[in-house]
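Asker: Here you go, sequence then predicted model.
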Number of protein chains: 2
Amino acid sequence: MIKLYGTPVVDKMLKDINNKLNYLSKNNIIPKLAIVRLGENNDDILYEKSIIKNANSIGMQTDINVLPLNTEHKTLEELIIKLNNDKSIHGILIFNSLPINIDESKIKKIIKAEKDIDCISYNNIAKLFIGKEPDFIPCTVEAVIELLNFYNIDVEGKIITIIGRSEIVGKPLSIMLLNKNATVTICHSKTVNLIEECKKADILISSVGKANIITDKYINKDQIIIDIGINYLDGKICGDVNFDSVKDKIKMITPVPGGIGTITTTILIKNTIYNAYNLYINNR
Amino acid sequence: MIKLYGTPVVDKMLKDINNKLNYLSKNNIIPKLAIVRLGENNDDILYEKSIIKNANSIGMQTDINVLPLNTEHKTLEELIIKLNNDKSIHGILIFNSLPINIDESKIKKIIKAEKDIDCISYNNIAKLFIGKEPDFIPCTVEAVIELLNFYNIDVEGKIITIIGRSEIVGKPLSIMLLNKNATVTICHSKTVNLIEECKKADILISSVGKANIITDKYINKDQIIIDIGINYLDGKICGDVNFDSVKDKIKMITPVPGGIGTITTTILIKNTIYNAYNLYINNR
């Protein structure tokens, strides 16, 4: 069994990221990512910390905007418009768990497509869906695509089963892989024949978010497993896949930690820096 | 084997359509659908004729805009803006086969979501994708949903295989059925295990557009088949499914002609009339 580590994928990306950063630095531009968080959701805070750490280590700025959970829609909308218009901001990340007093549709309509580095705007979602190049694709989805490319895993004609149908992972990933000529099955909590759908797959992708639920019952010996889950069990990070149960019975797997999650944060940073670069080049 | 005819589905819809038409008529409003066609594509012309015939029979107006195939982008954009702003127009249908001199993305960005009765605008596509109620869903997709509802075919937990991944049928239909808790597999020309993927399905949906390609090799005896294909063979209309080959070996099937196609044109008319009704009610 081969472990598909995220670090070499990141290292390859970092070469080009650093080139662009140097070029921007020579022209007195420091890329800046704005983060918008409402409330104190623990997962959001952990993700935010890892972004800040990664951004700092590379010389990119972050602009952290924390609002209370009971923020009025209008206040959030005004903040987004300010960030849209602020020329020093090159990317906007809004944490997904927005409270119900916020009209999410409106927020997704107003966020500028060119700063929408995690692909939540209507413009980018629609482009992704119809197979036109969106400005950005969701970071986790891009992390999967980068990993497949890096390890030369061709998906054309491959049978791919995705577990999970979220709008930021399962659905856009299914469309991206479909556009790349894979045959895609999307499973979820209401799927009755999950074992068969998983067993048949050349590539099994899990984004359920439940520790260790995928065991050797779900796999086949030639399978490549992409484990997107990041779960906490007894104080340790683990994936959706029970690694010990499957490790001797499959072809390849992304480890957790050290797999897709490692790449995702770098994608976010890359998107912001590339966007700063493109904006500078196009407006010289 | 039970034939799932489109006519009773249409008849049920027509009751409510006629109620709304009468109400509008009493208030001196005649719903009007604008059709925009570039060039003389034969399929477009046949569809257009069937829409005009159906619209006339019910007392709805059509506004047919035919432009040459080499129309400049700007000219088309100006036409769409005019139709967007024309209060006598309640729906806009742009035939899908736009020539390459047209920037399709731009057209899809500018068409007003509330007149976009076939769901090609970015706003409606994005809403459909993320599971929010779009103003409209693509007519063929809605025709399938209406048929399933009419015949009380519950899709929750069902295994559904869709052949075809177009942006107006396969992709949006897969998302709609996924949102309704079906387990969905999307197949296409690059699928290598098409027979297995079709055989396993509780519901098999074909939108390939090739006459008679689905035979008894692809089916199972408890299967419900939805045949979306409209093909011409020896001067006759037929579906993607070889009816004679499967008819005694499945549970239910939509005939061609007389199935989904029968419903689709009515959906287009229904959407226009309901839109006229909603616009009137909301602006009284």
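Answerer: Now that the structure is in, tell me what you want to look at.
Asker: Break chain A down into its domains, please.
Answerer: By the assignment in automatic domain parsing, chain A contains the domains A:28-113, A:139-261.
Asker: quick one: the shortest one near chain B?
Answerer: Yes. Domain A:28-113 lies in contact with chain B when judged by Cβ under 8 Å from any Cβ of the partner chain; the contacting residues are A:S105, A:K108, A:K109. Just so you know, the C-beta spots here come from the backbone N, C-alpha and C atoms, and that holds for glycine as well.
Asker: Name all residues that make contact with A:N275.
Answerer: Contacts for A:N275 (Cβ atoms under 8 Å, 6 or more residues apart in numbering or on different chains) come out as A:P31, A:H90, A:G91, A:E114, A:K115, A:I117, A:D135.
Asker: Go ahead and confirm the first one touches A:A276.
Answerer: Yes. With contact defined as Cβ atoms under 8 Å, A:P31 counts as touching A:A276 (3.9 Å).
Asker: shared neighbours, these two?
Answerer: A:L24, A:H90.
Asker: Give me the more crowded residue out of these two.
Answerer: A:P31 (29 against 23; other Cβ atoms under 10 Å in any protein chain shown).
Asker: The more buried one and chain B, how far apart?
Answerer: Taking Cβ to the nearest Cβ, to the nearest Å as the measure, A:P31 falls 27 Å from chain B.
Asker: Helices along chain A, start to end?
Answerer: A:7-26, A:42-58, A:73-85, A:104-110, A:122-130, A:139-150, A:170-179, A:194-199, A:243-246, A:260-282 (DSSP state H).
Asker: Mind putting these into TSV with mean pLDDT and distance to B:N19?
Answerer: Formatted as TSV, these follow (pLDDT from 0 to 100; distance: least, Cβ to Cβ, whole Å):
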stretch	mean pLDDT	distance to B:N19
helix A:7-26	96	59
helix A:42-58	91	49
helix A:73-85	97	36
helix A:104-110	89	30
helix A:122-130	89	33
helix A:139-150	97	45
helix A:170-179	96	37
helix A:194-199	97	44
helix A:243-246	97	59
helix A:260-282	93	51
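Asker: how about a markdown table for these, with distance to B:S174 added?
Answerer: Below are these laid out as a markdown table (distance: least, Cβ to Cβ, whole Å):
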| stretch | distance to B:S174 |
| --- | --- |
| helix A:7-26 | 29 |
| helix A:42-58 | 29 |
| helix A:73-85 | 31 |
| helix A:104-110 | 21 |
| helix A:122-130 | 11 |
| helix A:139-150 | 17 |
| helix A:170-179 | 8 |
| helix A:194-199 | 15 |
| helix A:243-246 | 28 |
| helix A:260-282 | 24 |
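Asker: Figure out which of those helices is closest to B:C198.
Answerer: Proximity to B:C198 (Cβ to Cβ) singles out helix A:194-199 among the helices of chain A, at 14.6 Å.
Asker: Pull out the buried residues from that closest one.
Answerer: By neighbour count on 16 or more other Cβ atoms under 10 Å in any protein chain shown, the buried set for helix A:194-199 is A:L194, A:E197, A:C198.
Asker: So A:I2 sits against A:M252, correct?
Answerer: Yes. Applying Cβ under 8 Å, one finds A:I2 in contact with A:M252, separated by 4.5 Å.
Asker: Number of residues surrounding the nearest residue to A:L194 once chain neighbours are set aside?
Answerer: Nearest in space to A:L194, with sequence neighbours left out and distances taken as Cβ to Cβ, 6 or more residues apart in numbering or on different chains, is A:C187 at 5.6 Å. The local packing of A:C187 (other Cβ under 10 Å) involves 26 other residues.
Asker: now swap in the one 3 residues further on and tell me
Answerer: Burial measure for A:K190: 16 neighbouring residues, criterion other Cβ under 10 Å.
Asker: Once you drop chain neighbours, what's closest to it?
Answerer: B:N181 (4.0 Å).
Asker: residues contacting the closest residue to A:I58 other than its chain neighbours?
Answerer: Spatial nearest neighbour of A:I58, excluding adjacent residues (Cβ to Cβ, 6+ apart): A:I269 at 6.4 Å. Residues counted as contacts of A:I269 (Cβ under 8 Å, 6+ apart) are A:I17, A:L33, A:I51, A:N54, A:A55, A:I58, A:M60.
Asker: Let me have those residues in JSON lines, adding neighbour count as columns.
Answerer: Below are those laid out as JSON lines (neighbours: other Cβ atoms under 10 Å in any protein chain shown):
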{"residue": "A:I17", "neighbour count": "21"}
{"residue": "A:L33", "neighbour count": "26"}
{"residue": "A:I51", "neighbour count": "21"}
{"residue": "A:N54", "neighbour count": "16"}
{"residue": "A:A55", "neighbour count": "21"}
{"residue": "A:I58", "neighbour count": "16"}
{"residue": "A:M60", "neighbour count": "24"}
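Asker: Now the two most distant members of these.
Answerer: A:I17 and A:I51 (14.5 Å).
Asker: hey, which of the domains of chain A is tucked in deepest?
Answerer: Each of the domains of chain A was scored by mean neighbour count; the highest is domain A:139-261, a mean of 20, by mean count of other Cβ atoms under 10 Å in any protein chain shown.
Asker: How far does that one stretch from one end to the other?
Answerer: End-to-end distance of domain A:139-261 (Cα to Cα, to the nearest Å): 10 Å.
Asker: just stretch A:227-244 next, same as before
Answerer: The first-to-last residue distance of stretch A:227-244 comes to 14 Å (Cα to Cα).
Asker: Can you give the distance from it to the centre of its chain?
Answerer: 17 Å (Cα atoms, centre = their mean, to the nearest Å).
Asker: Other residues contacting that stretch?
Answerer: So stretch A:227-244 is contacted by A:140, A:144, A:163-164, A:169, A:205-216, A:225, A:253-257, A:259-261 (Cβ under 8 Å, 6+ apart).
Asker: and what of stretch A:44-58?
Answerer: Contacts for stretch A:44-58 (Cβ under 8 Å, 6+ apart): A:14, A:17-18, A:21, A:33, A:35, A:37, A:61-62, A:64, A:93, A:95, A:97, A:265-266, A:268-269.
Asker: One more pass at 7 Å, please.
Answerer: A:L21, A:L33, A:I35, A:R37, A:T62, A:F95, A:S97, A:T265, A:T266, A:L268, A:I269 (Cβ atoms under 7 Å, 6 or more residues apart in numbering or on different chains).
Asker: Looking at those, which is nearest A:T75?
Answerer: So of the contacts of stretch A:44-58, ranked by how close each gets to A:T75 (Cβ to Cβ), first place is A:R37, at 13.7 Å.
Asker: dump the residue contacts of the closest one.
Answerer: A:D44, A:E48, A:V66, A:F95.
Asker: Model confidence at the residue lying closest to A:D43 once chain neighbours are set aside, what's the number?
Answerer: Of all residues not flanking A:D43 in the chain, A:S97 sits nearest, at 7.8 Å (Cβ to Cβ, 6+ apart). Note on A:S97: pLDDT of 74.
Asker: A:N101 now?
Answerer: 89.
Asker: Surely it is in contact with A:H73?
Answerer: Yes. If you go by Cβ atoms under 7 Å, A:N101 and A:H73 touch, sitting 6.5 Å apart.
Asker: Which of the residues of domain A:28-113 next to chain B sits closest to B:D154?
Answerer: Checking these one by one against B:D154 (Cβ to Cβ), the nearest turns out to be A:S105, at 28.4 Å.
Asker: Would you check that my belief about the closest one contacting B:E133 is correct?
Answerer: No. In this structure A:S105 lies outside contact range of B:E133 using Cβ under 7 Å: 9.6 Å.
Asker: Please list the residues of the stretch 101-250 of chain A that sit near chain B.
Answerer: Contact residues (Cβ under 7 Å from any Cβ of the partner chain) of the stretch 101-250 of chain A with chain B: A:105, A:122-123, A:125-126, A:129-132, A:156-157, A:159, A:165, A:167, A:171, A:175, A:178, A:181, A:183-187, A:190-193, A:197.
Asker: if we go to 6 Å?
Answerer: A:105, A:122-123, A:125-126, A:129-130, A:132, A:156-157, A:165, A:167, A:178, A:181, A:183-187, A:190-192 (Cβ under 6 Å from any Cβ of the partner chain).
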